[in-house]
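> model this:
(one chain, ligands or ions: 1)
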Amino acid sequence: MSFTHSSRIFALVDANNFYASCERVFRPALVGKPIVVLSNNDGCIIARSNETKALGIRMGEPFYKAKPLIQAHGVHVFSANFALYGDLSARVMSSLSEFAPEMEIYSIDEAFLDLSGMQRHHLNAYGRQMKQLVEQWTGIPISVGIAETKTLAQMANYLAKKSKKANGVLDLTRSPHRTRALQQVPVGEVWGVGRKFAEKLQRHGIQTAFDLAQGNDAWLFQHFPAPLLRTVQELRGVACLSLEQAPIPKSIACSRSFAQPEEDLGKLRESVAAYTAHAAERLRKAKMACQRLLVFIHTNRFRQNVSQHFDSTSIGLPTASEDTAELIQVAHRALAQIYKEGYAYHKAGVVLLDLVPANEVQQNLWDTVNRSQRSTLMQALDQINRDFGSGAIRYAAEGLCPRWRMKQEHRSPRYTTCWSELAQVNA
Ligand SMILES: [Mg+2]
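Model prediction:
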């Protein structure tokens, strides 16, 4: 079969057995030992190290059921420590953000990076360097999958973890192995397929990602919803999803490097407010509300002879919110907790976590916010910014003349990656 080659390149980076790996960072003696992490109130198993998986202990299994096996094999048991996982996640994400101009934090331990424009023959080495440095900086092992669409990058990541030869990094761009790779991935493992569709596809003889990529469009159109067709296109190498587009977002993040190092808390407050406003706009677009907000700041770790500081913290909201003003207040509280004077900050970021559908928000009896009034205000705000351009209306907290904003006045056209900036020939 023939494949399309798009000009986009995405990397999906995923931390390996993230919660279990977090527990090992501070107890290296546990490397190579079986670990399980339990949900709140120690109910179910929510994370396993590879050694635990090999014992046949299943994801989501109630703790009491797995107990005999756990005791027999001396599996190390941890209650979930979300404060630790959140902080290590922010460290991994901020490290990753050094490797690409644009990044989407997809979940607590996964991020898509935009590598479009990179030399293809360098991609594998770049992925390997990313893996080595992030592991060195954070202690968390990661896997890197690189391909021309997000769906293929997700698949490359899946195989990078499985294959001994790939050893954690797999680049599928222009790879002669793409067909074989597609054949190795069960259809249920393809991003966005899900169990229900996987069963239906299998009943019709579609077992692998390869079978799905070869599927008949008319038949698929008739039997499945449109998002699945987009997945099929993506498997064929046609990029349909850009950064920050996913079937269902798990978290929404906005982070940027500053044009110049910033020491001033006032300026950091402006940048954090602006990132929060941007993330909140996307939150409302996805019709979600967030229950937790995380802020991180750090200095430039590539600069020598500069004192380094990294910190992050997250704050839970009593009622899930989609309200920019409320979220900015929370972000400022978080920033105040982590800001330390005398450091030249290079980057800040805001991550909205624990997302729930906006129409399923649990009401809080002591809520002091008039949610329906605020929601109407937010709709008006979003409408104006859609009509008159992003940022037409902003919160004063975002600053009037933001010097922290990334400078791009002298950027050359994106000749190879943006349709509106292609080179023009006048003949
Ligand atoms: Mg993971």
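> what about this structure, any weak spots by pLDDT?
Counting by pLDDT under 70, the ranges of the chain that qualify are 1-6, 244-248, 390, 400-427.
> got the end-to-end distance for stretch 359-378?
Start-to-end span of stretch 359-378 (CA to CA, to the nearest Å) is 15 Å.
> which helices and strands sit right next to the helix or strand hosting Lys267?
Using DSSP states H and E, Lys267 maps to helix 265-285. On a contact count with 3 or more CB pairs under 8 Å, 6 or more residues apart in numbering; DSSP states H and E, helix 265-285 meets strand 252-262, strand 288-299, helix 324-338, strand 345-357, helix 371-388. C-beta coordinates here come from the backbone N, C-alpha and C atoms, glycine included.
> for the residue in the stretch 251-400 of the chain that the ion sits nearest to, give me its contacts.
Proximity of the stretch 251-400 of the chain to the ion (CB to the ion) peaks at Ser251, 13.6 Å away. The contact partners of Ser251, by CB atoms under 8 Å, 6 or more residues apart in numbering, come to Ile105, Tyr106, Ser107, Ile108, Val351, Leu352, Leu353, Leu355.
> mind checking how far the nearest residue to it once chain neighbours are set aside is from Ile315?
Nearest residue to Ser251 in three dimensions, chain neighbours excluded: Leu353, at 5.0 Å (CB to CB, 6 or more residues apart in numbering). Distance of Leu353 to Ile315, computed by CB to CB, to the nearest Å: 10 Å.
> looking at those two, which is more packed in?
Using other CB atoms under 10 Å, the more surrounded residue of Leu353 and Ile315 is Leu353, with 21 against 14.
> which strand residues bridge that one?
Beta-bridge partners of Leu353, counted by DSSP bridges, are Arg292.
> can you check Thr299 too?
Beta-bridge partners of Thr299, as defined by DSSP bridges: Tyr345.
> contacting residues for it?
Pro261, Val306, Ser307, Gln308, His309, Phe310, Tyr343, Ala344, Tyr345, His346 are the contacts of Thr299 under CB under 8 Å, 6+ apart.
> if we can go back for a sec, so can I have TSV of the helices and strands packed on helix 265-285 showing distance to Ala29?
Listed next are the helices and strands packed on helix 265-285 as TSV, based on distance: least, CB to CB, whole Å:
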stretch	distance to Ala29
strand 252-262	33
strand 288-299	29
helix 324-338	30
strand 345-357	30
helix 371-388	49
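> for the stretch 51-200 of the chain, what spans make up the strands?
76-79, 103-107, 110-114, 142-147, 169-171 (DSSP state E, counting those that start in this stretch).
> how far away from the center of its chain is the second one?
Right, strand 103-107. Strand 103-107 has its C-alpha centroid displaced from the chain centroid by 2 Å (CA atoms, centre = their mean, to the nearest Å).
> do the longest one as well
How far strand 142-147 lies from its chain's middle: 13 Å, per CA atoms, centre = their mean.
> please see if that strand touches the ion.
No: judged by CB under 5 Å from the ion, strand 142-147 and the ion are separated, with a smallest distance of 8.0 Å.
> direction included, what does that strand pair up with?
strand 10-15 (antiparallel), strand 169-171 (parallel).
> returning to what we had before: common neighbours of Leu353 and Ile315, please.
Joint contacts of Leu353 and Ile315 (CB under 8 Å, 6+ apart) are Arg292, Leu293, Leu294.
> need these in JSON lines (columns: distance to the ion).
Output for these, formatted as JSON lines (distance: CB to the ion, whole Å):
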{"residue": "Arg292", "distance to the ion": "19"}
{"residue": "Leu293", "distance to the ion": "22"}
{"residue": "Leu294", "distance to the ion": "18"}
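> and this structure, which residues reach the ion?
Residues of the chain lying near the ion (CB under 5 Å from the ion): Asp14, Ala15, Phe18, Asp109.
> top of the residues you listed by neighbour count?
Ala15 (27 neighbours).
> my read: that one touches Val144, true?
No: in this structure Ala15 lies outside contact range of Val144 using CB atoms under 8 Å: 10.9 Å.
> one step back: just the helices and strands packed on helix 265-285: most buried one?
Counting by mean count of other CB atoms under 10 Å, strand 288-299 has the highest mean neighbour count of the helices and strands packed on helix 265-285, with a mean of 24.
> what's the angle from the helix or strand that that one is followed by to strand 288-299?
Next in sequence after strand 288-299, counting helices and strands by DSSP H and E, comes strand 310-321. Relative orientation of strand 310-321 and strand 288-299, computed by axes from the mean of the first three to the mean of the last three CA atoms, to 10 degrees: 170 degrees.
> and strand 310-321, what does it pack onto?
helix 82-96, strand 288-299, helix 324-338, strand 345-357.
> in the stretch 51-200 of the chain, what residue spans correspond to helices?
Assigned by DSSP state H, counting those that start in this stretch, the helices in the stretch 51-200 of the chain fall at 63-72, 82-96, 123-138, 150-162, 178-184, 194-203.
> between the ones you listed, which gets nearest to Leu283?
helix 82-96 (17.5 Å; CB to CB).
> and that closest one, how far out from the chain middle?
12 Å.
> and the shared contacts of Leu353 and Ile315 as a markdown table, adding distance to Ala334?
Converted to a markdown table, these look like this (distance: CB to CB, whole Å):
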| residue | distance to Ala334 |
| --- | --- |
| Arg292 | 10 |
| Leu293 | 7 |
| Leu294 | 7 |
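> give the contact list for Cys290.
Cys290 touches Ile252, Leu283, Leu317, Ala320, Ser321, Glu322, Leu327, Leu352, Leu353, Asp354, Leu355, Val356, counting by CB under 8 Å, 6+ apart.
> next up, the contacts around the closest residue in space to the last one that isn't next to it in sequence.
Right, the one you point to is Val356. Spatially, and ignoring its direct neighbours in sequence, Val356 is nearest to Ala320 (5.2 Å; CB to CB, 6+ apart). When contacts are counted by CB under 8 Å, 6+ apart, Ala320 touches Ala289, Cys290, Gln291, Asp354, Val356, Ala358, Val361, Gln362.
> redo that, cut-off 6 Å
Ala289, Gln291, Val356, Val361 (CB atoms under 6 Å, 6 or more residues apart in numbering).
> let's have the strands of the stretch 51-200 of the chain in JSON lines, adding mean neighbour count and distance to Leu228.
Below are the strands of the stretch 51-200 of the chain laid out as JSON lines (neighbours: other CB atoms under 10 Å; distance: least, CB to CB, whole Å):
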{"stretch": "strand 76-79", "mean neighbour count": "16", "distance to Leu228": "37"}
{"stretch": "strand 103-107", "mean neighbour count": "23", "distance to Leu228": "19"}
{"stretch": "strand 110-114", "mean neighbour count": "23", "distance to Leu228": "20"}
{"stretch": "strand 142-147", "mean neighbour count": "28", "distance to Leu228": "19"}
{"stretch": "strand 169-171", "mean neighbour count": "26", "distance to Leu228": "24"}
